[in-house]
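**Student:** Here's my sequence, what's the structure:
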Amino acid sequence: MEEVLKLLKENPNGFLATVDSGKPRVRPFGFILEEEGKLYFCTNSLKEVYKQLLEVPYVEYSVMSKDMITLRVSGEIRFTEELAMKEKILNVFEPIKKGYKTADNPIFKVFYIEHGTATIADFSGNPPKKIEF
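**Tutor:** Reported below is the predicted structural model:
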């Protein structure tokens, strides 16, 4: 998991894939933090991505380093309304705090991937490395 977290922290902006009416949807998305083996993200309940996540709670998130190392993380997501975690997330990234203001903002939604699979690949010729978490 250390290698996964290193790639996520060094490349916090990636792409999140969801399903919308049976079709894939990919959009830029930011990784927020990891805690107790869970990878946390956040969104807004007014966005289409939120509705897609409720309907089909499986995602794939990917990033690529400047050295062309790719990371794909896939798994089932769960939403949390835990105020302590929402407060922590508000304090990690200033634009999130600026946008949502408080942890109890009803449109501020936090989700995490808990039991997922990370795949790390590069151009070394070695097979991709799979990490279950």
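
**Student:** What about residue 32, how many residues nearby?
**Tutor:** By other CB atoms under 10 Å, the residues close to residue 32 number 22. Every C-beta, even on glycine, is put in place using the N, C-alpha and C of the backbone.

**Student:** all strands of the protein, in order?
**Tutor:** Counting by DSSP state E, the chain has strands at residues 13-20, 23-30, 33-35, 38-44, 58-64, 70-80, 108-121, 129-132.

**Student:** Can I get these in TSV including mean pLDDT, mean neighbour count and distance to residue 1?
**Tutor:** Listed next are the strands of the chain as TSV, based on pLDDT from 0 to 100; neighbours: other CB atoms under 10 Å; distance: least, CB to CB, whole Å:
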stretch	mean pLDDT	mean neighbour count	distance to residue 1
strand 13-20	97	17	17
strand 23-30	98	12	19
strand 33-35	96	16	8
strand 38-44	98	20	10
strand 58-64	98	19	15
strand 70-80	98	18	11
strand 108-121	97	19	8
strand 129-132	97	12	6
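
**Student:** Now tabulate the ones you listed in TSV and tack on distance to residue 97.
**Tutor:** Shown next, in TSV, are those (distance: least, CB to CB, whole Å):
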stretch	distance to residue 97
strand 13-20	18
strand 23-30	14
strand 33-35	14
strand 38-44	11
strand 58-64	22
strand 70-80	18
strand 108-121	10
strand 129-132	31
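
**Student:** I'm done for today, thanks for sticking with me.
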